[in-house]
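Asks: My questions concern the predicted model and sequence given below.
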Amino acid sequence: MAADLPGALLFACTHNVIRSPMAAAFARHFYGNRIFTASCGVRPGEPDPFVATVMDEIGIDLRKHRPQSFADLEDSSFDIVISLSPEAHHRALELTRTMAIEAEYWPTLDPSATAGSREQILDSYRDVRDGLMKRIKTRFGVLSARGV
């Protein structure tokens, strides 16, 4: 399975606040330094406290994450870019025109649009978190003995 892992992986969403940081954190957690992993957004947003809360629940700290855009990336040499929002997928497809990069689209709802009680909102974030974790494990396999 390790031979099938990409060398460099980019997760992208609209603001690099919720979906792409979660996905990148899972890739780092499961694959460590076997995959260089980064995340970005079409434009950087403001940190979202619900993200830190739901990731803390499973032992992954995202409090130090700072949102960045495609333009902010220090390196653009990725094997795969996985976009999690329509806007990010359009940007990812632009990258494929000039670079040898594979683009995948994993449509993922934005939980910040959820209305309701704090617990209902957190449940929406948990659904996104759990869905991304499952999708990453399915796509790339599980190497880590550190099961979440």
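Replies: Looks like it came in fine.

Asks: what sits against L122?
Replies: L122 is in contact with 50, 53-54, counting by CB atoms under 8 Å, 6 or more residues apart in numbering. Bear in mind the C-beta positions are built from the backbone N, C-alpha and C, glycine included.

Asks: Number of residues surrounding A115?
Replies: A115 sits with 7 neighbouring residues when counted by other CB atoms under 10 Å.

Asks: Quick check, pLDDT for it.
Replies: pLDDT recorded at A115 is 94.

Asks: and it, what does it touch?
Replies: By CB under 8 Å, 6+ apart, the neighbours of A115 are I121.

Asks: pLDDT (mean, whole number) over stretch 120-133?
Replies: 98.

Asks: For R43, pull up the helix or strand it's in.
Replies: For R43, there is no host helix or strand (DSSP states H and E).

Asks: element containing P6, please.
Replies: P6 belongs to no helix or strand when elements are defined using DSSP H and E.

Asks: does it really touch I82, like I thought?
Replies: No: using CB atoms under 8 Å, P6 makes no contact with I82, being 9.9 Å away.

Asks: So which of these two has more stuff around it?
Replies: Set side by side, P6 and I82 show more neighbours around I82, with 30 against 19, by other CB under 10 Å.

Asks: Doesn't E104 lie inside a helix?
Replies: No: according to DSSP: H, G, I helix; E, B strand; the rest coil, E104 belongs to no helix; its state is strand.
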